[in-house]
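Student: sequence-free structure coming up:
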C-alpha cells in the first residue's frame with residue numbers, strides 16, 4: 001500500500017517490509033533527451049510480534065487481498081523499474097553511439113529491411129532463436145553446477161540440500177532428450193501456428209515498434225493471463241486420471257532443476273506450458289519485439305522457479321519447489337489463485353513459506369531460517 005509521496009520519493013509499506021523508491025530525472029539540453037534513475041532502498045524490520053500479527057492477518061479473510069497486493073507490487077514495481085531503465089538505457093546508448101532519433105526504432109528498421117519480404121522467417125527467428133538462447137544458455141550454466149557441484153558459492157544456496165548433489169547423469173540424460181523433443185517438435189510448430197494466427201489481425205513484424213509503455217502494458221497483461229491459464233490447466237493435470245497418464249512424468253523430479261521446466265508429456269507441454277505463454281500475444285496482436293521479450297522472460301522465469309537454488313536478488317523459487325516436493329500445493333505462478341482456492345494453506349505453515357522472499361544478503365536462507373529440528377535431534 002502506498003503511504004507517502006514527497007519530493008519525488010514514493011514510500012510503500014507492506015507487512016513488516018518498507019520500500020523507498022527515489023526517482024531522479026536529468027535533462028540533457030543538447031540532445032533534448034531525458035534520463036531517469038531509479039534508486040530503490042529496502043528497509044527490513046523483523047519483529048516477532050509483527051510476524052505473528054502478519055501470519056494472523058494472512059489466515060483471515062484478508063489473505064486473498066494480501067496475495068493480490070503482492071502480485072500487484074511485483075508487476076507494478078517491474079513496470080516502474082523497466083520504464084525508468086528503458087528510458088535511461090536508450091539515452092545512454094544514443095550518447096555512446098552518437099545516434100539520432102529513436103535508437104531502438106533505427107536498430108529495428110535495419111533488421112526489418114534485412115528481412116524484407118520474409119516476415120515469417122523474421123518472426124520465427126525472433127520468437128525461437130532468442131528465447132532458445134535465453135533458456136539453454138541459463139540452463140547450460142545450471143547443469144554445470146548440478147553435475148559438478150561447483151562452484152560452491154552457488155551450491156550453498158540449494159533449497160533441498162540432500163538432493164541433486166550431484167544430479168543423476170542417467171536421469172538428466174533422459175530429461176535432456178525429452179526437453180529437446182518438446183522444444184523442437186512441439187514448441188517450434190506452435191510458434192509457426194502463432195505467426196499465422198497473428199497475421200490474420202495484422203503484421204506482427206511491422207516496421208513500427210510499439211511504444212515502450214505499450215510494451216510494458218502488454219507484458220503485464222501476459223503475466224496475468226499466464227497466471228490464470230497455468231493455474232487451472234495445471235490443476236486439471238493433477239486430477240487423478242490425467243496425473244497418472246500425463247503429469248506424473250514432470251513430477252518424477254521431486255527436487256527440480258532448471259532444465260526440467262519443460263520436461264513433460266507432449267500434451268501437457270502444449271496445454272499447460274505453451275498455451276498460457278503464447279495466448280497473450282495472440283489476443284493482443286502484439287509486435288514481434290514484445291512477443292520475443294515475453295517468451296524470453298517466461299523461459300527465464302520458469303527456469304528460476306525450477307532451478308532448485310534460492311540465489312541472492314532473484315525471485316524466490318520456494319513456492320514451486322514446494323509444489324514438486326508435496327504435489328498438491330502451490331499450483332500457480334504468483335500465488336493469487338492459490339490463495340483464492342486455498343491450495344497454499346499447507347505451504348504457509350512451513351519454513352519454506354518463511355523463506356519465500358527475495359534474498360538480499362549472501363547468507364543462504366536455509367541458514368538464516370533453518371528447518372525445525374526433528375524430534376530426537
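Tutor: Happy to help now that I have it. Since we're looking at a predicted model, the values are computed, not measured. Numbering: from 1, shown residues only.
Student: shouldn't residue 233 be in contact with residue 271?
Tutor: Yes - under the criterion of CB atoms under 8 Å, residue 233 makes contact with residue 271 at 5.3 Å. No exception for glycine: its C-beta is placed from N, CA and C like everyone else's.
Student: more crowded one of these two?
Tutor: residue 271 (20 against 17; other CB atoms under 10 Å).
Student: Can you give me the distance of that one to residue 223?
Tutor: 19 Å (CB to CB, to the nearest Å).
Student: what's the answer for residue 335, then?
Tutor: For residue 335 relative to residue 223 (CB to CB), the value is 13 Å.
Student: Just want to know which of the two has more residues nearby.
Tutor: More crowded of residue 335 and residue 223, by other CB under 10 Å: residue 335, with 25 against 21.
Student: Confirm for me that that one is in contact with residue 316.
Tutor: No - counting by CB under 8 Å, residue 335 stays clear of residue 316, with 10.5 Å between them.
Student: show me the contacts for residue 155.
Tutor: 145, 149, 165, 309 (CB atoms under 8 Å, 6 or more residues apart in numbering).
Student: same thing but at 7 Å, please
Tutor: By CB atoms under 7 Å, 6 or more residues apart in numbering, the residues touching residue 155 are 145, 149.
Student: pLDDT wise, what is it at?
Tutor: Note for residue 155: predicted pLDDT of 93.
Student: Residue 334 touches residue 226, doesn't it?
Tutor: No - the pair residue 334 and residue 226 does not pass the contact test of CB atoms under 7 Å, sitting 9.2 Å apart.
Student: just for the protein, where's the confidence low?
Tutor: Within the chain, the set of residues satisfying pLDDT under 70 comprises 1-101, 375-377.
Student: And the residue nearest the centre of it?
Tutor: Geometric centre of the chain, nearest residue: residue 301, 2.8 Å, by CA atoms, centre = their mean.
Student: Look up the closest residue to residue 236, ignoring the ones flanking it.
Tutor: residue 242 (6.4 Å; CB to CB, 6 or more residues apart in numbering).
Student: Which strand or helix spans that neighbour?
Tutor: helix 240-245 (DSSP states H and E).
Student: following that helix, which helix or strand shows up next?
Tutor: helix 266-268.
Student: That next one: what's the following helix or strand?
Tutor: That would be, after helix 266-268 and using DSSP H and E, helix 275-284.
Student: Need the residues that contact the next helix or strand after that following helix.
Tutor: Downstream of helix 275-284, the next assigned helix or strand under DSSP H and E is helix 288-306. Helix 288-306 has contacts (CB under 7 Å, 6+ apart) with 108, 122-123, 126-127, 130-131, 134-135, 138-139, 204-205, 209-210, 215, 218-219, 222, 256-258, 260-261, 277, 280-281, 314-315, 317, 320.
Student: repeat for stretch 197-215
Tutor: 83, 86, 104-105, 108-109, 112, 119, 122-123, 195, 281-282, 285-291.
Student: Which stretches in the stretch 101-250 of the chain count as helices?
Tutor: Per DSSP state H, counting those that start in this stretch, the stretch 101-250 of the chain carries helices over the ranges 103-114, 119-124, 130-148, 152-155, 169-181, 188-199, 212-237, 240-245.
Student: could those go into CSV alongside distance to residue 351?
Tutor: Supplementary listing: the helices of the stretch 101-250 of the chain in CSV, determined by distance: least, CB to CB, whole Å:
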stretch, distance to residue 351
helix 103-114, 45
helix 119-124, 45
helix 130-148, 23
helix 152-155, 20
helix 169-181, 27
helix 188-199, 39
helix 212-237, 24
helix 240-245, 27
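Student: For residue 367, find the nearest of those.
Tutor: Nearest of the helices of the stretch 101-250 of the chain to residue 367, taken as CB to CB: helix 152-155 at 13.4 Å.
Student: Run the chain-centre distance for the closest one.
Tutor: Distance, stretch centre to chain centre, for helix 152-155: 22 Å (CA atoms, centre = their mean, to the nearest Å).
Student: What residues of that helix count as buried?
Tutor: The neighbour-count check on helix 152-155 (16 or more other CB atoms under 10 Å) flags 154-155 as buried.
Student: can you check stretch 274-294 too?
Tutor: Result for stretch 274-294 [16+ other CB under 10 Å]: buried residues 274-282, 284-294.
Student: cool, and stretch 340-348?
Tutor: Neighbour-count burial for stretch 340-348 [16+ other CB under 10 Å]: 343-344, 347-348.
Student: Find the pair from those residues with maximum spatial separation.
Tutor: Farthest pair in the buried residues of stretch 340-348, by CB to CB: 343 and 348, 10.7 Å.
Student: Now do the contacts for residue 159.
Tutor: Residue 159 touches 308-310, 317-318, 321, counting by CB under 7 Å, 6+ apart.
Student: Not counting sequence-adjacent ones, nearest residue to it?
Tutor: Per CB to CB, 6+ apart, closest to residue 159 is residue 321, 5.1 Å.
Student: Assign the one you found to helix, strand or coil.
Tutor: helix (DSSP: H, G, I helix; E, B strand; the rest coil).
Student: Count the neighbours of it for me.
Tutor: Residue 321 - counted by other CB under 10 Å - has 25 other residues nearby.
Student: pretty sure it is touching residue 256, no?
Tutor: Yes - using CB under 7 Å, residue 321 makes contact with residue 256 at a distance of 6.5 Å.
Student: Overlap of the contact sets of the two?
Tutor: residue 308.
Student: Residue 306 and residue 205: what is the separation?
Tutor: 32 Å.
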